[in-house]
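Peer 1: need coordinates for the below:
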Amino acid sequence: MLWKRIAELENEGERALVIGVVINVMENQIILDDGTGKLRVYYDEPWRVHLKSIVMAAGIIISVDQSFKEMKADALADVSGIDIKLLKRVEMIREMSTRLVLEKGDVIG
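Peer 2: Model (predicted):
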């Protein structure tokens, strides 16, 4: 499963993987910001995370309100050691390949 930008989350009930910076920590929920939007992530198990950590969250989208999107997480991982420059490069390559597929009508995979 490829990660999505928060702005790309459009359908309640869809499964998604997102990566963002923790901008708020509350009991059993965090708020992530990936530069395209904010996502409130709910989780059941106690989990310690700090502000400004980079977190990967996988789960089901439960709300796509314009002001805030919400996810019920199945899995969370602190990926603060990730190479952000490399991640952005991968994202850029993914966008370029998606555009090529749309332009040419080819199917990858």
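Peer 1: you'd agree residue 34 is up against residue 5?
Peer 2: Yes - using C-beta atoms under 8 Å, residue 34 is in contact with residue 5, at 5.8 Å. Yep, even glycine has a C-beta here, placed from its N, CA and C like the rest.
Peer 1: which residue, neighbours along the chain excluded, lies closest to residue 24?
Peer 2: residue 31 (4.0 Å; C-beta to C-beta, 6 or more residues apart in numbering).
Peer 1: what is the helix or strand where residue 91 lies packed up against?
Peer 2: Following DSSP states H and E, one finds residue 91 within helix 84-104. The contact analysis (3 or more C-beta pairs under 8 Å, 6 or more residues apart in numbering; DSSP states H and E) places helix 84-104 against no helix or strand.
Peer 1: contacting residues for the residue nearest to residue 24?
Peer 2: 22, 23, 24, 38, 39, 40, 41 (C-beta atoms under 8 Å, 6 or more residues apart in numbering).
Peer 1: average pLDDT for the helix or strand hosting the second one?
Peer 2: If I follow you right, that is residue 23. Per DSSP H and E: residue 23 is located in strand 15-26. Regarding strand 15-26, the rounded mean pLDDT is 95.
Peer 1: the helix or strand just after it to strand 15-26, inter-axis angle?
Peer 2: Next helix or strand after strand 15-26 toward the C-terminus (DSSP H and E): strand 29-33. Between strand 29-33 and strand 15-26, the angle comes out at 110 degrees (axes from the mean of the first three to the mean of the last three C-alpha atoms, to 10 degrees).
Peer 1: circling back: okay, and the common contacts of residue 34 and residue 5?
Peer 2: residue 18.
Peer 1: give me every residue that touches the residue nearest the centre of the chain.
Peer 2: Central residue of the chain (C-alpha atoms, centre = their mean): residue 18, 1.4 Å from the mean position. Neighbouring residues of residue 18 by C-beta under 8 Å, 6+ apart: 3, 4, 5, 6, 9, 32, 34, 39, 56, 57, 71.
Peer 1: neighbours of residue 14, just the number please.
Peer 2: By the measure other C-beta atoms under 10 Å, the count of residues near residue 14 is 12.
Peer 1: now it. Nearest residue, chain neighbours left out?
Peer 2: Counting by C-beta to C-beta, 6+ apart, the residue nearest residue 14 is residue 61, at 5.1 Å.
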